[in-house]
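Chemist: Sharing a sequence plus its predicted fold:
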Amino acid sequence: MNVPVDHVYLDALKEYGRQIEGRRHSSRWSYLDVAQKTSMPISVVGQIERGEPGPSPTDRERVGEFFGFPIDTFDKILRRLRNQEAGTRGGNVVELSQHRK
């Protein structure tokens, strides 16, 4: 699945990475610990924390789930940032729940 990579997507990757990094630090685990426990290359764990676009969505989800994040955490971050971006551009974002009967 190809996902368009724009500045909002990259910002979401960075925010997600900061959350992963924070959880890893609070758990007092090293990159190596996480890599071994998730059966992932240490370089991929580092890329996820740095918010780099290289790792696959599956890799991101696997590390996130290891730290107890819901599987849709990255998607929620991306959606929030896209909505913020649309709001700052004066985009046509409409909350449909207000219009339903």
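Modeler: Received it, and whenever you're ready, just let me know what you need.
Chemist: Please name the nearest non-neighbouring residue to residue 50.
Modeler: Excluding the flanking residues, the one nearest residue 50 by Cβ to Cβ, 6 or more residues apart in numbering is residue 17, at 5.7 Å. (Glycine included, C-beta is placed from N, CA and C.)
Chemist: Give the helix, strand or coil label for the one you found.
Modeler: helix (DSSP: H, G, I helix; E, B strand; the rest coil).
Chemist: Contact partners for it?
Modeler: Each residue near residue 17 by Cβ atoms under 8 Å, 6 or more residues apart in numbering is listed here: 48, 49, 50, 51, 52.
Chemist: Tell me how far it lies from residue 45.
Modeler: Applying Cβ to Cβ, to the nearest Å, the value for residue 17 to residue 45 is 10 Å.
Chemist: Now do the buried residues in the lowest-mean-pLDDT helix or strand in the chain.
Modeler: Using mean pLDDT, DSSP states H and E, the weakest-scoring helix or strand in the chain turns out to be helix 73-88, at a mean of 91. Neighbour counts over helix 73-88 (16 or more other Cβ atoms under 10 Å) mark 73, 74, 77, 78, 81, 82 as buried.
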